[in-house]
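Trainee: sequence plus the predicted model coming up.
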Amino acid sequence: MIKKLLLLTGAGAAVIIAVILVAGCSSLPGNAAASVNGVIITKADVANRIRVIKGMEPQDIPQDTQGNDYNQFQRDVTGQLVSEELEKQLCQKRGITVSDKEIDPEVKQIVDDQYYGDVNKMQQDFAKRGVTIQDLRDDLHRRLLHQKLINSIAAEVPVTGAEVQALYNQNKNAYVYPEKRQVRQIIVADQATAQQVESQLAAGQDFATLAGKVSIDSSTRSKAGMVGLVPESSLPTAVGQVAFSLKVNQVSAPFQSTLGWYIVKVEIIEPASNRTYDQVKGQLQQLLQSEKMSKHYQDVTDQFKKSSDVEFADGYSPGPVTAPQATGTATAPAGAAAGQAPAAGASTTRVPAKP
């Protein structure tokens with residue numbers, strides 16, 4: 001469910017498909033800012049989109065409407081409209097549509113989340129900004145259309161179980177988790193003081209309480225000597241060797257290391273473990289799907305670009321229009337499926353502050 005609103009506008013908006021630009025074409029009518037395969041994007045369309053940006057994201061618009069920055073902003077808005085029209089036409093070619101019934105629940109979710117279910121409050125807020133509910137619906141239509149295109153392209157490149165298994169086998173080391181231990185420590189300046197602390201502990205003094213009083217290490221003294229649940233590699237060599245030789249709740253004899261004389265206690269032992277194929281195969285499948293989809297997405301959009309005729313009027317050409325890559329990597333550790341393309345209903349949008 002889309003829960004926030006960002007009109008796909010402005011110089012920073014995502015461009016969907018790379019295009020070859022032809023500027024200053026005399027074949028365009030006087031009211032045209034651009035043409036996409038014969039579909040005219042008018043100068044009024046550009047002005048209308050700038051109106052919407054001004055209402056929702058005013059900080060994105062250069063203040064000097066006569067300056068070079070504003071001129072480039074207008075060009076970039078035109079490029080975004082061209083990109084959206086290209087994607088719309090590609091979706092038409094692939095039979096992808098979005099109905100009003102699909103948009104209605106998205107609007108309701110925004111009303112519920114951002115305006116406490118009060119549509120009148122949203123309409124009043126939008127009116128103050130110079131935008132309308134239809135502007136919102138248009139944005140949701142574009143976003144849902146884009147999500148359906150991503151899903152359509154992804155469905156054409158399925159991932160097999162053999163591919164997932166091969167990726168797991170290539171990255172087994174990424175799923176090995178070393179033993180960890182929860183360690184407390186007391187550090188003092190000399191051996192004599194360390195022996196006194198050892199005697200106090202043997203007499204029944206609480207380790208954490210004593211660490212908070214006498215340890216010279218300020219970073220752990222304030223936490224009652226707590227170092228944390230850590231692997232041996234994160235500790236100084238001598239400290240790690242001692243801590244990882246102890247049993248649970250065992251206290252070491254005093255020993256010397258980097259900051260002085262140490263006494264350490266182990267409270268928890270978390271054994272080493274390996275994440276199995278069954279535990280990570282879902283993440284790996286998503287990772288491979290993202291990688292395959294990214295390449296296929298590029299192939300599909302490149303092919304459509306080559307068959308498209310895009311023209312810009314003088315003063316409206318933004319320069320090279322490029323597409324963000326829905327990239328993924330099949331060699332990342334198995335923390336999460338990085339680089340995934342937007343899933344259906346996903347949103348990274350922003351909204352104006354609640355009224």
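Mentor: Looks like it arrived, so ask away. Since this is a predicted model, take the numbers as computed values, not measurements.
Trainee: which secondary structure elements does the longest helix that the chain contains sit against?
Mentor: Using DSSP state H to define each element, the chain has its longest helix at helix 277-306. Judged by 3 or more C-beta pairs under 8 Å, 6 or more residues apart in numbering; DSSP states H and E, helix 277-306 is in contact with helix 68-93, helix 133-155, helix 161-170. From N, CA and C alone the C-beta is placed, and that goes for glycine too.
Trainee: average model confidence for it?
Mentor: Throughout helix 277-306, pLDDT has a mean value of 92.
Trainee: that helix: what's the following helix or strand?
Mentor: Next in sequence after helix 277-306, counting helices and strands by DSSP states H and E, comes strand 310-312.
Trainee: that older thread, and the angle from the longest helix of the chain to helix 133-155?
Mentor: If you take axes from the mean of the first three to the mean of the last three C-alpha atoms, to 10 degrees, helix 277-306 sits at 110 degrees to helix 133-155.
Trainee: number of nearby residues for Arg184?
Mentor: 23 (other C-beta atoms under 10 Å).
Trainee: that one belongs to a strand, doesn't it?
Mentor: Yes. Assignment of Arg184 by DSSP: H, G, I helix; E, B strand; the rest coil places it within a strand.
Trainee: not counting sequence-adjacent ones, nearest residue to it?
Mentor: Gly225 (4.0 Å; C-beta to C-beta, 6 or more residues apart in numbering).
Trainee: swap in Glu179?
Mentor: Here the residue nearest Glu179, using C-beta to C-beta, 6+ apart, is Ala272, at 4.4 Å.
Trainee: assumed Leu229 was part of a strand.
Mentor: Yes. Counting by three-state DSSP, one finds Leu229 located in a strand.
Trainee: in contact with the closest residue to it other than its chain neighbours, which residues?
Mentor: Nearest residue to Leu229, sequence neighbours excluded (C-beta to C-beta, 6+ apart): Gln182, at 4.6 Å. Gln182 is in contact with Met226, Val227, Gly228, Leu229, Val230, Val266, Glu267, Ile268, Glu270, counting by C-beta atoms under 8 Å, 6 or more residues apart in numbering.
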